[in-house]
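[1] attaching a predicted model along with its sequence, questions to come.
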Amino acid sequence: MDKRKILSVRNLTKRFGGLVAVNAMNFDVGEHEVLGLIGPNGSGKTTMMNLISGALKPSSGEISLQGSRISDLPAQDINRKGVARTFQLVRLLPSLNVLDNAIAGAVFGHRQRWGQEAEDYAMQMLERVGLSEQAQAPISKLTYIDQKRLELARVLAGDPKILLLDEWLAGLNPTELETGIELIRDLRGEGRTIILVEHVMDAIRSLCDRCVVMNSGVKIAEGTPAEVLADHEVIRAYLGDEDA
Amino acid sequence: MNNKDWRNLGLAALGLAIAACLPLSGNGYYLTIGVTIAMYTVLATSWALFSGPTHYISLATAAFYGLGTYVVAMGIDDVPYVILLVIALGVGAIAAGLVGLATLRLSGVYFVIFTLGLAEMTRQVVTWIQSNWGGHQGNYVLTDITEEMIYWQLLAVAACVYLVGWLIGRSRLGFALKIIGNDEVVAAHSGINTARSKVILFMVSGMVAALVGAILAPRWTYIEPSMAFSPMLSFQVVIMALLGGVNRLWGPLVGVIPFTLLWEAVSISFPNQTLLLMGVAFLLIVYAIPHGFVGLIEKYNARFRGDG
Ligand SMILES: Nc1ncnc2c1ncn2[C@@H]1O[C@H](COP(=O)(O)OP(=O)(O)OP(=O)(O)O)[C@@H](O)[C@H]1O
Ligand SMILES: [Mg+2]
């Protein structure tokens, strides 16, 4: 890898009782890289995201951001250091309107803004994701894709260095998917570092520089999308043993 | 500050000025009710500063209030009254800070139960200290502080609470609390130090409750733990605040006034039915008006304007 690495995961393990959801994972993410984190259902991808964002504490191992350890910090400190995420099940702030939801991401995070500055920046992010028309709407009026857009706007409003997107494209219809992929491609074009959990193969192929494949908590492959998608073990993991 | 802020400030100042004239009526009964209303307004409003946005239902009011009362009860013979008020503020802040650090990680019902137990525990501790070192159960509080002075002090505190509440509402802290109340996970993942924000607000409401307890101590010549730490107080504060509505700064006031008047009427005519009144008010809050009177008013306003 010729890029400078920004995030490294070392020997990371997370146990839930007897279940090892993430098992001795190792990988690095380079600056400006889009890394796909893929694997079958229940393979531990969301748990991995939770560990990076600080929603969960690892059982052992460590995660470091630009050389300094973040895995023992609470989520708010990790966010302030520049790691922001969306959630697999969209999470918005129901009592706030669309604009305030976006401002919520701008005030306390990595790059902090307040007052008019925060509002202007949040508004720019809404424009970015195509929601500026609905800035004053209550979130109950939003369609599913618009909710996903808003969550992304909130996350972008904090100007994060690293973006964690957990199945941000899931549940979209083909046209929406097109728009969604375009949007992420734009972010990539801006040089953002992104970790992308996805099941949508087209998105993985067209967006990711590199992929890490998980199965039952273990890393089973790593490489370019073309490489890993051709890997026997990966195919076996996705299709089940009998097809290999 | 925009026009609406100036208008609200004007209205608040006018309301305060009118309220301040009450003692001039010369009617002792009105004044007594005035003191009660002012007291519950301060308690319920400061309670709502914390519990409104976070949805944490605290039943600890009586604990902080009682501590404030006891600061005055134990110190009145040796320390100037004004200093005691400052000490009460400090004691309330420290107690609320400690309780907050210990409990605000608890969720929902555990927090409610803990705060309820806290008032009882504080009462036991104070009783124990008194009987071991004070040699007696109660204290005499003999001062020349009159009911009028108590009333005016409470009005001054109310003005401060509204001012602080208004400032918090416009601050980053207030915004953080709103986000926490919506979704604590999102709050933390947006860079908000959730524990610190909650503890600060809890301290504000604890301080105010202790101060109110201290201000009211001279009203009761003789003070014992069972009245200073009455759990009934905590319940009343919660019910009045929710009845009025906790999503607006002036909401609790809208609950306090009718509830206090009704309470007075009921305790005169049917002295044993006050609990029933609380029960009915509680059912009303849960089933009929979850957002309080303010919620009702705003709903009808919206409908009237045709956008609801
Ligand atoms: N908080 C938790 N407590 C207990 N078990 C958990 C918890 N979170 C996840 N798990 C378990 O860990 C395993 C990995 O789950 P995870 O959500 O990380 O998978 P995933 O790869 O994101 O799956 P999907 O593609 O379906 O989203 C699953 O068996 C899941 O049941
Ligand atoms: Mg998942």
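    Okay, I see it. Ligands and ions are numbered 1, 2, ... in the order given.

[2] please count neighbours and contacts with C-alpha atoms only from this point.
    OK.

[3] name the SS class of the residue in the stretch 151-300 of chain B that chain A sits nearest to, please.
    Using C-alpha to the nearest C-alpha, the closest approach of the stretch 151-300 of chain B to chain A is made by residue B:191 at 4.0 Å. Look at residue B:191: counting by DSSP: H, G, I helix; E, B strand; the rest coil, its state is coil.

[4] list the residues that contact the closest residue to it other than its chain neighbours.
    Leaving aside its chain neighbours, residue B:191 sits nearest to residue A:76 (4.0 Å; criterion: C-alpha to C-alpha, 6 or more residues apart in numbering or on different chains). Residue A:76 makes contact with A:54, A:109, B:187-193, according to C-alpha atoms under 8 Å, 6 or more residues apart in numbering or on different chains.

[5] report the lowest-confidence entry in those residues.
    Across the contacts of residue A:76, the smallest pLDDT goes to residue A:109, namely 92.

[6] got the phi/psi numbers for that residue?
    Dihedral pair for residue A:109: phi -90, psi -140, per degrees, to the nearest 10.

[7] ok, residue B:106 next?
    Main-chain torsions, residue B:106, degrees, to the nearest 10: phi -70, psi 150.

[8] now residue A:69
    Torsion angles, degrees, to the nearest 10, at residue A:69: phi -70, psi 130.

[9] tell me the contacts of the closest residue to it other than its chain neighbours?
    Distance criterion C-alpha to C-alpha, 6+ apart; nearest residue to residue A:69, sequence neighbours excluded, is residue A:63 at 5.9 Å. Counting by C-alpha under 8 Å, 6+ apart, residue A:63 makes contact with A:7-10, A:12, A:52, A:69-71.

[10] which ones among those residues lie within helices?
    residue A:52 (DSSP state H).

[11] I'd like the contacts of residue A:76 as CSV, with distance to residue B:179 and neighbour count appended.
    Compiled in CSV, these are given as follows (distance: C-alpha to C-alpha, whole Å; neighbours: other C-alpha atoms under 10 Å in any protein chain shown):
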residue, distance to residue B:179, neighbour count
A:54, 18, 23
A:109, 13, 30
B:187, 6, 25
B:188, 9, 27
B:189, 11, 28
B:190, 9, 31
B:191, 11, 30
B:192, 9, 29
B:193, 11, 19
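
[12] now these in a markdown table, with distance to residue A:194?
    Compiled in a markdown table, the contacts of residue A:76 are given as follows (distance: C-alpha to C-alpha, whole Å):
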| residue | distance to residue A:194 |
| --- | --- |
| A:54 | 17 |
| A:109 | 17 |
| B:187 | 21 |
| B:188 | 20 |
| B:189 | 16 |
| B:190 | 17 |
| B:191 | 19 |
| B:192 | 22 |
| B:193 | 25 |
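
[13] from residue B:53, how far off is the residue in chain A that chain B sits nearest to?
    Minimum separation of chain A from chain B (C-alpha to the nearest C-alpha) falls at residue A:76, amounting to 4.0 Å. Remark: distance between residue A:76 and residue B:53 (C-alpha to C-alpha, to the nearest Å) = 19 Å.

[14] identify each buried residue in the lengthiest helix in chain A, please.
    In chain A, assigned by DSSP H, the helix with the most residues is helix A:174-189. Going by neighbour count (16 or more other C-alpha atoms under 10 Å in any protein chain shown), the buried part of helix A:174-189 is A:177, A:180-181, A:183-185, A:187-188.

[15] report all helices and strands that it contacts.
    Where contact means 3 or more C-alpha pairs under 8 Å, 6 or more residues apart in numbering or on different chains; DSSP states H and E, helix A:174-189 is packed against helix A:201-207.

[16] what is the helix it packs on packed up against?
    helix A:174-189, helix A:225-230.

[17] again, only this time at 10 Å
    The criterion is 3 or more C-alpha pairs under 10 Å, 6 or more residues apart in numbering or on different chains; DSSP states H and E, and the helices and strands that helix A:201-207 contacts are strand A:34-38, helix A:174-189, strand A:193-197, strand A:210-215, helix A:225-230.

[18] okay, those in CSV with distance to residue B:141 next?
    CSV is the format used below for these (distance: least, C-alpha to C-alpha, whole Å):
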stretch, distance to residue B:141
strand A:34-38, 70
helix A:174-189, 69
strand A:193-197, 67
strand A:210-215, 72
helix A:225-230, 80
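
[19] dump those into CSV; add distance to ligand 1 and mean pLDDT as well.
    Shown next, in CSV, are those (distance: least, C-alpha to the nearest ligand atom, whole Å; pLDDT from 0 to 100):
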stretch, distance to ligand 1, mean pLDDT
strand A:34-38, 8, 95
helix A:174-189, 18, 90
strand A:193-197, 8, 96
strand A:210-215, 8, 95
helix A:225-230, 17, 90
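
[20] mind checking which of those is nearest residue B:235?
    Of all those, it is strand A:193-197 that lies closest to residue B:235, at 48.1 Å by C-alpha to C-alpha.

[21] partner strands of the closest one, with direction?
    Applying DSSP bridges, strand A:193-197 is found paired with strand A:34-38 (parallel), strand A:162-166 (parallel).

[22] distance between the least confident helix or strand in chain A by mean pLDDT and the chain's centre?
    Scoring the helices and strands of chain A by mean pLDDT, DSSP states H and E places helix A:232-239 at the bottom, with a mean of 83. Taking C-alpha atoms, centre = their mean, to the nearest Å, the mean C-alpha location of helix A:232-239 is offset from the chain mean by 23 Å.

[23] check which helix or strand the residue nearest to residue B:191 maps to.
    helix A:75-80 (DSSP states H and E).
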